[in-house]
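Q: predicted coordinates and the sequence they were generated for:
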Amino acid sequence: MNQHQQRAEAVRHLVDEARRLEKMGVSYATLEKIGGLLSALAGRAELFPLEEFPLGPDGGIYRLSEDPDHRFALYASAGGRPAKVPPHNHTTWAVIAGVHGAERNVVYERLDNGSPGGSHEGYVQLREAPAREKTLRRGDFICFLADDFHHIETPAGSGDALHLHFYGLSLEHLPDRVSVDLATGAAKRYMAMGKILTPLVSVPQVKAMLKSSEVFAFFDVREEGEFSLQGHPLFATPLPLSRLEPRAFALLPDPDTRIVLMDSGEESLDPQWRGRANRAAAKLSELGYTDLAVMKGGLKAWREAGYEVFTGVNVPSKAFGEVVEHENDTPRIDAADLQKLVDAKTDLVILDSRPMPEFHNMSIPGGIDCPGAELVYRVKDLAPDPKTLVVVNCAGRTRSIIGAQSLINAGLPNKVIALKNGTMGWHLAGLKVARGETRNFGPQSPAAAEFAQAAAANLAARMNIKKIDKAGLARLEAQGGALHKLDVRDPAEYAQGHMTGFRHAAGGQLVQATDQYVGARNATIVLHDNDGVRATLTAHWLMQMGWNETYLLGHKPAADELTTEAEPRFPPGYTLPRPASVSAAELTGALAETLVIDLDSSLRYRDGHVPGAWFAVRANLGKTVPEMLATQRGTKRIVVVSPDGEIAALAAAEAQAAGGGLPVAILAGGMKAWRDASLALETGHTRMADPPTDVWYRPYDFKENIEAAMRRYLDWEVDLVPQVARDGDAKFAVLKLSAGPPSGH
C-alpha cells in the first residue's frame, strides 16, 4: 500500500469513527474523542507532504473528504505567511489538529445575549478566554461546539504550516456563520471561502503511477474536442466536466478508488482553484468519491516535462490495433483490389464489424453487419464454405484489423483479410458507399456454435484466461476496489435479460473503445455472455492490451437472476435536481423574450435546434451566460435545453448563478419533446457562445473537406505505433499464433 492509499484508508477510518461517535450526541466529551482520532491521523505527517498542499495567492484549504450530503468534511489547511483570520463561529462542531508548523487558536467567550450562533447580522460582544488558547503543533488538537468563537493565525517564524480541520458540515454549507469586529462588536455574515482546493500530485508522480500496477483512474475533464485536438497523455480517460455526473459511475463504480484529475493547466483557462479539474473534484465528491487529487499544471506541465502527447480519441485501443497489425502482419486488401474481386464474382463475404447504427449510416455494398465479438460466434453461418474469402471492414482501421485477426486467432480455415482503411478507404478510392443498409446475422446454427465454442476453448487455454463461477465473483466483489462487470453480447440479447449488476459493453466496442467503459487503470474486469464464446474472444484481446485481471464468468443464470432494467447511471443515493420546467408548447410561444441555451453537442446543435437558441458548453456557463445576455437584450427568462432534459437539470443551478437574477427553467423532455411535437428547427452553427470543440468530429461528420479529414485520420492511426513505443507506458503483449506466448510491446 503506497502513501496515498494509506492516507485515503486512514481518512476513511477517521470519518467512519467520527460518524459513529457523533451518534452519541455532540458534546465536548464526544469531540475530545474525535479529536484524539484526528490527532492520531495528524501525527502521521508523512501522509501529508507539504508539496501536495501548497499555499497559493488564493489560499490553501484542501478537501480531503466530504460526504455526499456535505457532512463530515475534512480539510488540510495550509499556512505560511503571518496571517490572521477574524474571530468567527462555525454553526457546526469543529476539531483542528496540527501536522506541520504551528497554528495559534485564540478562543473567545461570548458576553452578549444574542441569538445562538449569530444567525443574523447584528452585534456580538466577545472577550478572549486565555485559558482556552492553544497553539497547535504536530498531534495537538482543539475542539469547538457550534456557537464557539475563535480566530486562527500563523505565528511569525513558524514556517510552512499544515493543519487538519474537521467539521460536522462542509465550509461551503455554513451560510449562518458570522465574523466579529472586536473593536465595535459589529457582526456580519462570514461566508465560506469558495476556494476549496484538491490535493495535488506532480506530473512525474502520475507518470510513475502509469508505469506501476496501481489501480487508479486518470480522468481528463476537458471537453472531448479539446482532449482530441490539443492532445492528452496516452492513458488519460476523457470525463468532460460538462457531462461528468451521468458518466462517472459507469466509468468507476467503486467510490474509494484513487482518482487523478487533469485539465489544460493554462492559467487563462484553468487557474488552480477555478480550474475544471478542481471543479470536477467537487462534483465527484458530491457523487461519493473519496480519494481525489489534481495533477499540478495539467496538460501544460505534462507537455513541458517532455512526455508524449497523443491526439485523437480511444487512443489506447486504436494504438493497440495498429500494434496487432504490425506484430502479426494481419492480411489486408486495398479497396480497389476488393472491388476487382467483387466484379469478378469471387466467392467472398464482406463482414462489417461495427454496430448497426454505423453500418446503417455507411457501409460497403453487399456487406453484412456482424460487430466485433459476433464474428467468431456467427462466422460459420455467414461463410460456411472454407473456400469463401472473408473480408472484414470497419470505418477506418482498428476494428477491421481486430476483427480479421479474431477470425485468424480462432483458427477459421477460410482465408481472412482486413479491408485496408475501411469505408473511408473505399470512399477515397472513388467507390460508392451504401447508405441505409440493415442486413445482419440471423440465429446461430448448431454448426456455428460448435466451431465457435471449440475456438473459444482453444484460445482460453492458450491465453490462460481465468474462469470463475458465481462464488468466485462474490469473492471479487468482497475484495472491493475497481470491479467492472460487463455483458458483451449483442444489445438486443442484453435488453431481453441480463444478470443484475452487469452493464452492457458489446465485445467489439469494448476492445475498440475500452476507455468508454473502464475508467480505472489496472481494474478488475469480469465478462459474461450466454456460452462463453464472446466473453472469451473479448477477454483474449483485453489481456493482450494489458488488462491482466480479466475474468470470464462461467455461470448460467436462472430466470430470477435476470433483469431487463437498465443498470443505474448514478451512484446510490444521488438524485437529479428538479428545477422548474416549461413545455415545448409554452416555450415556442415565448421565444422572443427567452434566452434559450442548448447544451447538446455542437454536432447535434448544428443539425437541428430550437430557433434562436445558443450553443454553449455547460462547464463555461459562468462566463458565457452574461455574454449571451449582453448580446440578447430584452431577455426575461432563461431556458436550458439538452437532449432529454438530464444535462439541463444538472446545469440549471449553474445558469441561475450566472443569470443575474433572471428565472431559469429547463425544457421538459428536452429536444426529444421538441422534435416529437414537430416544432420548427433551425440548423447550422448559428449562435455559438463557445467554439465547437466540445466533441470529436469524425471525418464524415464534416460538411466540407471530408476527404482531407479522412486522409489525416488514417495517417494518424498508422503513426501511433512509433509514438506508443516512445511513450513507454503501454503494456501490450500481442498473441502470435506461431510463436508461443504473447510477445511484449
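A: All right, it came through fine. Just so we're clear, the structure is a prediction, and the values are computed from it rather than from any experiment. Residues are numbered from 1 along each chain as shown.
Q: what does the pLDDT read for the closest residue in space to Arg247 that isn't next to it in sequence?
A: Among residues not flanking Arg247 along the chain, Leu239 sits closest, at 6.0 Å (CB to CB, 6 or more residues apart in numbering). All C-beta spots, glycine's among them, are computed from the backbone N, C-alpha and C. Per-residue pLDDT puts Leu239 at 98.
Q: got phi/psi on Leu239?
A: Backbone torsions for Leu239, taken as degrees, to the nearest 10, come to phi -140, psi 80.
Q: need the contact list for it.
A: By CB atoms under 8 Å, 6 or more residues apart in numbering, Leu239 lies in contact with 219-221, 247-248, 251, 280, 519.
Q: just the buried residues of the residues you listed.
A: 219-221, 247-248, 251, 280, 519 (16 or more other CB atoms under 10 Å).
Q: separation between the residue nearest in space to the middle of the chain and Ala653?
A: Most central in the chain under CA atoms, centre = their mean is Leu239, positioned 3.3 Å from the mean C-alpha point. Between Leu239 and Ala653 the computed distance is 20 Å (CB to CB, to the nearest Å).
Q: repeat that for Arg675.
A: Taking CB to CB, one finds Arg675 at 26 Å from Ala653.
Q: likewise Asp644?
A: 18 Å.
Q: what's the answer for Phe144, then?
A: Taken as CB to CB, the span from Phe144 to Ala653 is 31 Å.
Q: ok, Arg462 next?
A: Separation of Arg462 from Ala653 (CB to CB): 54 Å.
Q: give me the low-pLDDT residue ranges for the stretch 101-250 of the chain?
A: Across the stretch 101-250 of the chain, residues meeting the criterion (pLDDT under 70) sit at 113-121, 192-194.
Q: that one: helices as residue ranges?
A: 203-211, 224-230, 244-251 (DSSP state H, counting those that start in this stretch).
Q: residue contacts, Met424?
A: 395-396, 699-700, 710, 713-714.
Q: now do Asp515
A: Asp515 sits in contact with 237-238, 314, 316-317, where contact means CB under 8 Å, 6+ apart.
Q: can you put these in a markdown table and add distance to Ala187 and neighbour count?
A: Shown next, in a markdown table, are those (distance: CB to CB, whole Å; neighbours: other CB atoms under 10 Å):
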| residue | distance to Ala187 | neighbour count |
| --- | --- | --- |
| Thr237 | 48 | 22 |
| Pro238 | 47 | 23 |
| Asn314 | 56 | 19 |
| Pro316 | 57 | 23 |
| Ser317 | 59 | 21 |
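Q: out of the residues you listed, what pair is the most spread apart?
A: Pro238 and Ser317 (12.8 Å; CB to CB).
Q: longest helix in this protein, please.
A: Of all segments of type helix in the chain, defined using DSSP state H, the longest is helix 3-22.
Q: in that one, which residues are buried?
A: Under 16+ other CB under 10 Å, the buried positions of helix 3-22 are 4, 7-8, 10-11, 14-15, 18, 21-22.
Q: and those residues as TSV, adding pLDDT and distance to Ser212?
A: Below are the buried residues of helix 3-22 laid out as TSV (pLDDT from 0 to 100; distance: CB to CB, whole Å):
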residue	pLDDT	distance to Ser212
His4	92	12
Arg7	96	17
Ala8	95	16
Ala10	97	21
Val11	97	22
Leu14	98	26
Val15	97	27
Ala18	98	32
Leu21	97	36
Glu22	97	37
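Q: with distance to Tyr605 added, can I get the residues you listed in JSON lines?
A: Formatted as JSON lines, the buried residues of helix 3-22 follow (distance: CB to CB, whole Å):
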{"residue": "His4", "distance to Tyr605": "40"}
{"residue": "Arg7", "distance to Tyr605": "43"}
{"residue": "Ala8", "distance to Tyr605": "40"}
{"residue": "Ala10", "distance to Tyr605": "47"}
{"residue": "Val11", "distance to Tyr605": "42"}
{"residue": "Leu14", "distance to Tyr605": "47"}
{"residue": "Val15", "distance to Tyr605": "43"}
{"residue": "Ala18", "distance to Tyr605": "47"}
{"residue": "Leu21", "distance to Tyr605": "52"}
{"residue": "Glu22", "distance to Tyr605": "48"}
